[in-house]
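Trainee: build me a model from this:
(2 chains)
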Amino acid sequence: MTDDVLLKVDDVRKNFPTQSKEVVQAVAGVSLEVHKGETLGLVGETGCGKSTLARCMAHLYDVTSGSVWFEGKDITKLSRKAMRPLRRDVQVIFQDPYGSLNPRRRVGSIIGDPFAIHNIASGNDRKKKVQELMELVGLNPEHYNRFPAEFSGGQRQRIGVARALALRPKLVICDEPVSALDVSIQAQIINLLADLQKEFDLTYVFISHDLSVVRHVSNRIAVMYLGKIVELAPTDELFGQTRHPYTRALLSALPVADPDTADSREQIILGGDIPSATNPPEGCRFHTRCPKARLDCAAGEPPLEPVLTDAYNHQTACFYPLTVGEDLSTAVPDLKAS
Amino acid sequence: MALLEVRDLRVSFDTPDGTVHAVRGLSYDVEAGQTLAVVGESGSGKSVSTQTITGLTRGAKVSGTAFFDGTDLITADQSTLRRLRGAQIGMIFQDPLSSLHPQYRIGWQIVEMIRAHDKEISKQAARKRAADLLTLVGIPRAAERIDDYPHQFSGGMRQRVMIAMAMALDPALLIADEPTTALDVTVQAQVLNVMRRLQEQFGTAIILITHDLGVVAEMADEVVVMYAGAVMERAPRRDIFYRNHHPYTQGLLASLPARSGDRLTPIPGTPPSLISLPKGCPFAARCSHVFDKCRAEAPPLIDVARDPRHQSACWLPHENSEAIAS
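Mentor: Take a look at the predicted model:
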């Protein structure tokens, strides 16, 4: 493990039992490293396991197998108590600025919670620290005694950001932090997160289903499908030299706010729905919807590894990675035995 | 004459905190076979306006007119509205799960809907029609899946079922209120594709309500941009993106991550309260071009280009300014 690795997950799996005694494989063997100071984007559709993976990273879930390392220390099996000092270093910002704030508590006391829990400051000292935080995230410190309901959605997300930053964490996991916000407000929060990253040397794991947001904020992006990473690359590489057919389809499905592009491009419209995570397809999990699937895609599971011609840090899990400029809109799957 | 002509629609609700002016003088036309996108952020009044037109805002104070094929939907009685809804005006909403009854089979719900409007049709014929509709919207093995319950369908398939129901009686107008907002992007692409295909096939006019400018660019013929219950700008699709006039339209586009460099350019501040709106232009407090007149007097929606379909509610100079001044 090199020095600049802040967090590492190694072959992490997370299963959830269901009522019918089946098992949902939410995360099905993921390994990756988060480097100090970077923003790692996690992107994928509903049920791909991105949020579960993030919760495993923050040790909010116990993993089913595999390990999670923070600053070179295995935190996989730490008890709640042993985990507590680490909680200062790893914080989470959630999607729903309504659901993650207690409506009956005043904003000042919500933001002050971390200070109380970790016995850092009390009384007027705490109030002063909270008001500094409020100022930092663009809230009026005089609103210390207001309730969450008195704030707009964007302001509530600022409260969430302030609370997460209270203890000066090293890693902040942002789980769809702007998905519930209107576009003009979303841009305010994205800029705020960028400013704070610069000021406090933060490392972000940024989860979103919105590719254009992830593209804007991330240095590297991991694309997930049914509990697996299908492609992991620096942002420009991922968009410029897409290797995995699913990544390409995801990019192509994204509506672009530009009529000329919208009119001229060939969209790849995937057939069918995302298969169930209780019973994922054999072989490559994407082969049932892949426009260029072949017979061996259904037989074996492709590992996540670099494509020969690419830099080592561009990895994809596909037996037949796309070449640059390959037209996928006319591809036909061939699942017959030859 | 346009298929739907909305004129000076005003909708307000009395609440314990005061009167909420949700829609404040909205006018637009929807032409047959065309897609009108109504775009705006939360609380802009974009959904309330179509809900009012279709008689779904009980307890609201409503004024103005909305002529659909010669009938004023605002003054029409409930039985007329009920006849028009479904038969002439189809509707789909954001959340298909809450629009489908969980305890009845998909096919039964479509058949029920067809037979409510078509008293002549036999049960068998209606069932056949329901299966054909499901095929039409791309449900695989429709003849088998017609007897499934809603929970057996994925979100994207449920929205297809809603489209099938909305299209069952070949309506002239389809109102789609954030139809793909709850769907994943690859499924959204499928559903938008189905809507486009059906429009081509049947010549249905669509009012597409959305907050997503990407969806607007993909789907719209004309666009209405709403803010604080009023129209800020209205134009054909390309003009909204490439030759826009209103600072709010420009602000929305500039906020998009895809259009920016390193740093996004958000619109500062938050929308005004619809209970106590400021005097003058509702966008003045957040506008980077604001001047004294904006705070004193609300600008009317006027022609701002040679194309008479392009209008903007802003005091800033425009292509026609000189012609008006002289």
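
Trainee: and the stretch 1-150 of chain A, which of its residues are near chain B?
Mentor: Residues of the stretch 1-150 of chain A that fall close to chain B, judged by CB under 8 Å from any CB of the partner chain: A:45, A:46. From N, CA and C alone the C-beta is placed, and that goes for glycine too.

Trainee: mind listing the helices for the stretch 1-150 of chain A?
Mentor: Under the criterion DSSP state H, counting those that start in this stretch, helices of the stretch 1-150 of chain A are mapped to A:50-57, A:80-87, A:107-117, A:123-136.

Trainee: residue of the stretch 151-300 of chain A closest to chain B, please.
Mentor: Closest residue of the stretch 151-300 of chain A to chain B, CB to the nearest CB: residue A:255 (2.9 Å).

Trainee: now do the same contact list for the residue of the stretch 151-300 of chain B found nearest chain A.
Mentor: Nearest residue of the stretch 151-300 of chain B to chain A (CB to the nearest CB) works out as residue B:214 at 2.9 Å. Counting by CB atoms under 8 Å, 6 or more residues apart in numbering or on different chains, residue B:214 makes contact with A:212, A:254, A:255, A:256, A:257, A:262.

Trainee: can you list the helices of the stretch 1-150 of chain A in a markdown table and add mean neighbour count and distance to residue A:29?
Mentor: Converted to a markdown table, those look like this (neighbours: other CB atoms under 10 Å in any protein chain shown; distance: least, CB to CB, whole Å):
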| stretch | mean neighbour count | distance to residue A:29 |
| --- | --- | --- |
| helix A:50-57 | 24 | 11 |
| helix A:80-87 | 12 | 24 |
| helix A:107-117 | 20 | 33 |
| helix A:123-136 | 16 | 39 |
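
Trainee: possible to save those helices as a markdown table with mean pLDDT?
Mentor: Formatted as a markdown table, the helices of the stretch 1-150 of chain A follow (pLDDT from 0 to 100):
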| stretch | mean pLDDT |
| --- | --- |
| helix A:50-57 | 94 |
| helix A:80-87 | 90 |
| helix A:107-117 | 93 |
| helix A:123-136 | 94 |
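
Trainee: any idea which residue sits dead centre in the chain?
Mentor: In the absence of a named chain, chain A is used. Nearest to the geometric centre of chain A sits residue A:207, at 2.4 Å (CA atoms, centre = their mean).

Trainee: hmm, no, I was thinking of chain B.
Mentor: residue B:209 (2.7 Å).

Trainee: ok but the residue of the stretch 151-300 of chain B closest to chain A is inside a helix, no?
Mentor: Yes: assessed with DSSP: H, G, I helix; E, B strand; the rest coil, residue B:214 lies in a helix.

Trainee: local confidence estimate at it?
Mentor: Looking at residue B:214, its pLDDT reads 94.

Trainee: likewise for the one 10 residues further on?
Mentor: As summarised for this prediction, residue B:224 has a pLDDT of 98.

Trainee: equivalent analysis for the one 5 residues further on, please.
Mentor: Residue-level confidence at residue B:229 comes out at 95, pLDDT.

Trainee: farthest pair in the contacts of residue B:214?
Mentor: The largest separation in those, counting by CB to CB, is between A:212 and A:262 at 13.7 Å.

Trainee: so residue B:84 lies in a helix, does it not?
Mentor: Yes: counting by three-state DSSP, residue B:84 is part of a helix.

Trainee: show me where the stretch 151-300 of chain B has helices.
Mentor: Counting by DSSP H, counting those that start in this stretch, the stretch 151-300 of chain B has helices at residues B:155-167, B:185-202, B:213-219, B:237-242, B:247-255, B:292-296.

Trainee: which positions in the shortest one come out as buried?
Mentor: Okay, so that is helix B:292-296. By neighbour count with 16 or more other CB atoms under 10 Å in any protein chain shown, helix B:292-296 contains the buried residues residue B:294.

Trainee: how distant is whichever helix or strand comes after it from the center of its chain?
Mentor: Later in the chain than helix B:292-296, the nearest helix or strand by DSSP states H and E is strand B:302-303. Distance of strand B:302-303 from its chain centroid, counting by CA atoms, centre = their mean, to the nearest Å, is 22 Å.

Trainee: for strand B:302-303, enumerate the helices and strands it packs against.
Mentor: In this structure, strand B:302-303 makes packing contacts with strand B:311-312, judged by 3 or more CB pairs under 8 Å, 6 or more residues apart in numbering or on different chains; DSSP states H and E.

Trainee: any idea of the mean pLDDT for the strand it packs on?
Mentor: Mean pLDDT, computed over strand B:311-312, is 96.

Trainee: other residues contacting it?
Mentor: By CB under 8 Å, 6+ apart, strand B:311-312 touches B:231, B:232, B:233, B:234, B:235, B:245, B:246, B:301, B:302, B:303, B:304, B:318.

Trainee: which residue in those residues has the weakest pLDDT?
Mentor: residue B:318 (89).

Trainee: give the contact list for it.
Mentor: Going by CB under 8 Å, 6+ apart, residue B:318 touches B:245, B:304, B:305, B:312.

Trainee: chain neighbours aside, what residue packs nearest to the last one?
Mentor: In this structure, residue B:312 finds its nearest non-sequential neighbour in residue B:245, 4.0 Å apart by CB to CB, 6 or more residues apart in numbering or on different chains.

Trainee: that neighbour: neighbour count?
Mentor: Counted with other CB atoms under 10 Å in any protein chain shown, the neighbours of residue B:245 add up to 22.

Trainee: looking at it, it is touching residue B:225, isn't it?
Mentor: No: Residue B:245 is beyond contact range of residue B:225, at 10.3 Å (criterion: CB atoms under 8 Å).

Trainee: need the overlap of contacts for the two.
Mentor: By CB under 8 Å, 6+ apart, the residues touching both residue B:245 and residue B:225 are residue B:233.

Trainee: which ones are touching residue A:39?
Mentor: Neighbour list for residue A:39: A:197, A:203, A:204, A:205, A:206, A:217, A:218, A:219, A:220 [criterion: CB under 8 Å, 6+ apart].

Trainee: narrow these to those that are buried.
Mentor: For the contacts of residue A:39, a burial check counting by 16+ other CB under 10 Å picks out A:197, A:203, A:204, A:205, A:206, A:217, A:218, A:220.

Trainee: return the subset of those residues lying in strands.
Mentor: Applying DSSP state E to those, the entries found in strands are A:203, A:204, A:205, A:206, A:220.
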